[in-house]
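Novice: no letters, just coordinates:
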């Protein structure tokens, strides 16, 4: 055997030993049990081709899966015991229980990874040592051992760097649920129980009623225009729907996308009947977490679902014209480019999933501008879910010389703000669902009440933030004419926090 061929064989056999070590290590490591305030959780690391993090509840046979970095391992946690008193405390907003449980889970996950890494190293070391001892006539004798250990360390470092650089915390807000039969339906429906509603929805209702009284018009002239509510990014948080409907009452409500998390049938069954009853009239566009099927169900339930082609019919077709009348306001909408199931859909969940996000946004903004300028009647309000598209479109429209007042209702980034670009005002009400039910108690609910002049120009916006578990809230009234009186561009951001009401 020549020197070159011998080196190739050493590399190949060492690689096989390292691979076997990583395959056998997790099997020998077994599970790691971590005590948390909510109960005991067992962790196990398994080999897989797509990575990720997975939580599982054996007694109900349901779980949740999050996308992870592209490493060949998946971390799986299973709830083994449950402290019912602690769960009730958490449901009532006890942040101490939630925070200590979160820290314990993080500690258990790190211990599991370390334990599995140690076992993989020991197995790899044993296999390499066995290969070195068995290959008696190899010179130098230590070649497989050294080569294999270098490969082991290189693999660990590479996996660590990939995990660190590619992990996106936003994936934790986009879970995939899995369950047996209708168990997932039962889990979702627990959100409507009296115990949960009384500690969250009722408090939210009290907060928004108090804020509504404070922000009520104080002069007859203030009532001359039109008022309309704006929300976005419900993310399947059914807890807020009932109090929102009482606040909106018989006024119209604009909803700028992201009604669900994945646009599934389960979400549609839970959300559609409630969303359709949110106000006297609900006007909607899709978001990147919505599906075409969910939007069709909303249309069938009486929600006005808008697209650049017009109003969506339950059959999936669009009925022109592109502009609909909402209490005298001309409203148009642009469906989200990542709407699940849409024939126009871009592949991915966000622009960051694309190879060239800037080029994709540029194409869409050009299409939006061409479409908008082709409209015979121009809208007073345009609904666009993606806030980045709203900003880029506003810049393009202003650069093209557009001079009429236009309000763009947007969402997506869960931040409250008003931006003005020439005659165009962008309004983002934040997340009406506090980022989703998994963020309840950690994030604030965002809503906005928009006040328009009789001619359809935005006069002012009342921006509401509320955190029901703590009873904290804040409200900010922004008068549009006071924005950047000496400049053509400015932004007013509402802090992402709330203070005692």
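Specialist: In hand now; what should we look at? Small disclaimer: the values here were computed from a predicted structure and weren't measured.
Novice: didn't residue 262 look like it was pressed against residue 288?
Specialist: No - Residue 262 is beyond contact range of residue 288, at 10.7 Å (criterion: C-beta atoms under 8 Å). The way it works is simple: take the backbone N, C-alpha and C, and place the C-beta from them, glycine included.
Novice: between these two, which one's more packed in?
Specialist: residue 288 (23 against 18; other C-beta atoms under 10 Å).
Novice: and that one, what does it touch?
Specialist: If a contact means C-beta atoms under 8 Å, 6 or more residues apart in numbering, then residue 288 has 257, 258, 336, 337, 338, 339, 349, 350, 385, 386, 412 as its contacts.
Novice: wait, is the fourth one part of a helix?
Specialist: No - assigned with DSSP: H, G, I helix; E, B strand; the rest coil, residue 337 falls outside any helix and is coil.
Novice: before we move on, what SS does the closest residue to it other than its chain neighbours have?
Specialist: Residue nearest to residue 337 in three dimensions, not counting chain neighbours: residue 346, with 4.8 Å by C-beta to C-beta, 6 or more residues apart in numbering. The three-state label given to residue 346 by three-state DSSP is coil.
Novice: equivalent analysis for residue 7, please.
Specialist: helix.
Novice: the stretch 101-250 of the chain: strands as residue ranges?
Specialist: 176-179, 226-231 (DSSP state E, counting those that start in this stretch).
Novice: which stretch in these is the model least sure about?
Specialist: In terms of average pLDDT, strand 176-179 trails the rest of those, at a mean of 49.
Novice: below-threshold pLDDT in the stretch 401-501 of the chain: ranges please.
Specialist: 436-443, 467-473, 495-501 (pLDDT under 70).
Novice: residue farthest from the centroid of this structure?
Specialist: When distances to the mean C-alpha position of the chain are computed (C-alpha atoms, centre = their mean), the maximum falls on residue 137, with 59.7 Å.
Novice: nearest residue to residue 107 other than its sequence neighbours?
Specialist: residue 34 (6.7 Å).
Novice: let me redo that: residue 237
Specialist: residue 433 (3.3 Å).
Novice: could you pull up the residues touching that neighbour?
Specialist: By C-beta under 8 Å, 6+ apart, the contact set of residue 433 is 233, 234, 235, 236, 237, 240, 445.
Novice: in the longest helix seen in the chain, what's buried?
Specialist: In the chain, with assignment by DSSP state H, the single longest helix is helix 95-134. For helix 95-134, the buried set under the neighbour-count rule, 16 or more other C-beta atoms under 10 Å, comprises 97-98, 101, 104-105, 108-109, 112-113, 115-117, 119-121, 123-125, 127-128, 131-132.
Novice: same deal with stretch 332-345?
Specialist: In stretch 332-345, counting by 16+ other C-beta under 10 Å, buried: 332, 333, 334, 335, 336, 337, 338, 339, 340, 342, 345.
Novice: and which of these is nearest residue 375?
Specialist: Ranked by distance to residue 375 (C-beta to C-beta), the buried residues of stretch 332-345 are led by residue 332 at 7.4 Å.
Novice: got any ranges where the stretch 151-300 of the chain has weak pLDDT?
Specialist: In the stretch 151-300 of the chain (pLDDT under 70), the answer is 166-225.
Novice: contacts for stretch 390-406, please.
Specialist: Looking at what lies outside stretch 390-406 - C-beta under 8 Å, 6+ apart - the contacts are 361-362, 365-366, 368-369, 372-373, 378-382, 384, 408, 410, 419, 421-426, 455-458, 488.
Novice: now stretch 113-133
Specialist: 13-14, 17-18, 20-22, 24-26, 28-29, 32, 45, 73, 75, 138, 141-145, 148-149, 152, 156.
Novice: also stretch 103-110?
Specialist: By C-beta under 8 Å, 6+ apart, stretch 103-110 touches 32, 33, 34, 35, 36, 37, 41, 43, 75, 77.
Novice: in three-state terms, label the second one for me.
Specialist: Residue 33 falls in the strand class when you classify it by three-state DSSP.
Novice: thought it was touching residue 41?
Specialist: Yes - under the criterion of C-beta under 8 Å, residue 33 makes contact with residue 41 at 7.3 Å.
Novice: among these two, which residue is more densely surrounded?
Specialist: residue 41 (23 against 15).
Novice: isn't there a strand covering that one?
Specialist: Yes - according to three-state DSSP, residue 41 belongs to a strand.
Novice: and it, bridged to which residues?
Specialist: Applying DSSP bridges to residue 41 gives these bridge partners: residue 34, residue 79.
Novice: now it: how far from residue 83?
Specialist: 12 Å (C-beta to C-beta, to the nearest Å).
Novice: could you report the neighbour count for residue 147?
Specialist: 19.
Novice: I figured it hits residue 12, correct?
Specialist: No - counting by C-beta under 8 Å, residue 147 stays clear of residue 12, with 10.1 Å between them.
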